[in-house]
Structures are given as C-alpha cells and as structure tokens.
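[1] just a sequence and a predicted model for now, questions to come.
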Amino acid sequence: MPLLGKGMLLTLTDVSARDERDYNEWYNREHIDDRVNLPGFHRGRRYAATSGTPKYLAVYECDSVAILGTPNYLQTLDHQTPWSQRVMARFTRFSRLTLRIQVDQTHGVGSALATVRFVPDPHRRKALVHWLSEQALPKLIARPGMLGAAVGENDLEVVHAPLQDKSMDHPRADESEWVVLLEGADVAAVGAAARSLFTQTRRKPFGIEAAPTIGIYRFLFGNQR
C-alpha cells in the first residue's frame, strides 16, 4: 500500500529527560489522534531515534502539502489544548518540514525508518527524481529487511505559512531540503540502506555539496482513519 496522500508533515523534537514521560503520553493519547482527525489528514506515526538527535520523529500523511498552509489548518496551531500548550512549551528542539511527495515506493508500515536529508541543486531536481525512482530506490528496497521508500521535497512557501500568519520574525529556510524515507523491518537494514544512498560520487551529479544528514528510528505508535 502506498502513502495515504501526496503531502507529508514531518516534525523532529527533543525534550529533556524529566519531561519525556508526559511528552510520550501526550503524543500517544492526544496529539496523534488530534492531527489524524483533521480534514485531509489520514495517518500519523511517531518514532524514537536509535542514535543521534533529535530523538523524536513524527510523520503525518495528508492529501496534499497545500493543506498544511491553509487558514483552517493554521487555526489549529493557534488553538492548542491545555495539555498541548504545556508539553510544547517544554520542547528543547523542534523543526518541521512540509513535504511534497516526489516518489512513493512504500509498502505498508515497517518497524524501522531512516531519514536522509539533503539539499540538491534545484535545477537538477528532474534528474534527481528520475535517478531515485528508477535506479537508486528500487535497488535499496529489494534488499533483505527493506520494505519501501518515499521522497519528499520541502515546500518553502507552505513551511513558512505559520510565520507569515503570525508575522513572526523567525529565521527562514532559503533552500529547499529533500528527505528520503527508507522503511524496513529492522533498524540495521534501514541504516545500511541510508548510508549507502549518497556516496560523494553519487551526490555530485545533483549538486548535493554537503553530506546528507541521516537519522535512524524505531517505530513507537501510529494511528489512521
């Protein structure tokens, strides 16, 4: 089964150790369900890093990335529950990506997920999508322990919508970051796949100057409708 939509919200969060119990209870008992029940949202999943930071990753699948910039959605960010307000105030690190799905070769939900984040030359995006969809990803997901993969491009206009809505003077991303999601049945398989995706030689044709940022995660909880 492919992703449940053509858009995705991806968030990465850290909290202090003393706040983790409340944070995890809030996410599992309230926040995932609240988001999944919004118009246009279909599934939410959350993960914990096996190594590295941020520790927590959440992935939400929606009809399109445009939903994440609509007034209706932005209003939900302004009307959080008391529990949400308390937990969010304790975040020590938080970032979000609003992804337009470019490649979807997923197959169900696995117990492990790797993220490969990078910034390509925007003029080479067509060649990048072709290489990922026709060559790189089919080989990776054919490996034992792998289940599927997807690729998303951060939509800068949508990701900035909450700042524009509030006229907030926050740093703005000026480069479109991409994310490859590699899903599998075990952490070792997705980690090996992530590390083999972009060698220095493979990065060069797509103008990827810096080494990608890799995160390896284990599944915690998910819900869908």
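    Here it is on my side, so go on. Residues are numbered from 1 along each chain as shown.
[2] can you say which helix or strand has residue 86 in it?
    helix 82-88 (DSSP states H and E).
[3] give me the mean pLDDT for that helix.
    In this model, helix 82-88 has a mean pLDDT of 97.
[4] same question, stretch 130-145
    98.
[5] name whatever forms a beta bridge with the closest residue to residue 138 other than its chain neighbours.
    In space, and not counting its chain neighbours, residue 138 is closest to residue 105: 7.1 Å by C-beta to C-beta, 6 or more residues apart in numbering. From N, CA and C alone the C-beta is placed, and that goes for glycine too. Beta-bridge pairing of residue 105 under DSSP bridges involves residue 149.
[6] and the contacts of the longest helix seen in the chain?
    In the chain, with assignment by DSSP state H, the single longest helix is helix 187-197. Outside helix 187-197, the residues that touch it by C-beta atoms under 8 Å, 6 or more residues apart in numbering are 50, 110, 112-116, 136, 140-141, 143-146, 180, 182-184, 212, 214, 216, 218.
[7] the residue nearest to residue 138 contacts residue 139, doesn't it?
    No: using C-beta atoms under 8 Å, residue 105 is not in contact with residue 139, being 11.2 Å away.
[8] which of the two has more neighbours?
    residue 105 (18 against 12; other C-beta atoms under 10 Å).
[9] quick one, what contacts the more buried one?
    133, 137, 138, 141, 148, 149, 150.
[10] can you rerun that using 6 Å?
    Neighbour list for residue 105: 137, 148, 149 [criterion: C-beta atoms under 6 Å, 6 or more residues apart in numbering].
[11] in contact with residue 111, which residues?
    Contacts of residue 111 (C-beta under 6 Å, 6+ apart): 185, 219.
[12] ok, now residue 202?
    Contacts of residue 202 by C-beta under 6 Å, 6+ apart: none found.
[13] and it, how far from residue 215?
    Look at residue 202 and residue 215: by C-beta to C-beta, to the nearest Å, they are 19 Å apart.
[14] just to revisit the earlier point, narrow the contacts of helix 187-197 to those in strands?
    Among the contacts of helix 187-197, the members found in strands (DSSP state E) are 50, 112-116, 146, 180, 182-184, 214, 216, 218.
[15] flag every buried residue along the helix holding residue 86.
    Neighbour-count burial for helix 82-88, counted by 16 or more other C-beta atoms under 10 Å, picks out 84, 87, 88.
[16] dump the residues you listed into JSON lines; add distance to residue 29 as well.
    Formatted as JSON lines, the buried residues of helix 82-88 follow (distance: C-beta to C-beta, whole Å):
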{"residue": "84", "distance to residue 29": "11"}
{"residue": "87", "distance to residue 29": "11"}
{"residue": "88", "distance to residue 29": "15"}
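[17] could you point out which element follows the helix or strand residue 48 falls within?
    Residue 48 is part of strand 41-51 when elements are defined by DSSP H and E. Per DSSP H and E, the first helix or strand lying C-terminal to strand 41-51 is strand 56-62.
[18] where does the chain dip in pLDDT?
    1, 163-174 (pLDDT under 70).
[19] element containing residue 103, please.
    strand 91-105.
[20] chain center to that strand: distance?
    3 Å (C-alpha atoms, centre = their mean, to the nearest Å).
[21] what comes up buried for it?
    Buried positions in strand 91-105, judged by neighbour count with 16+ other C-beta under 10 Å: 91, 97, 98, 99, 100, 101, 102, 103, 104, 105.
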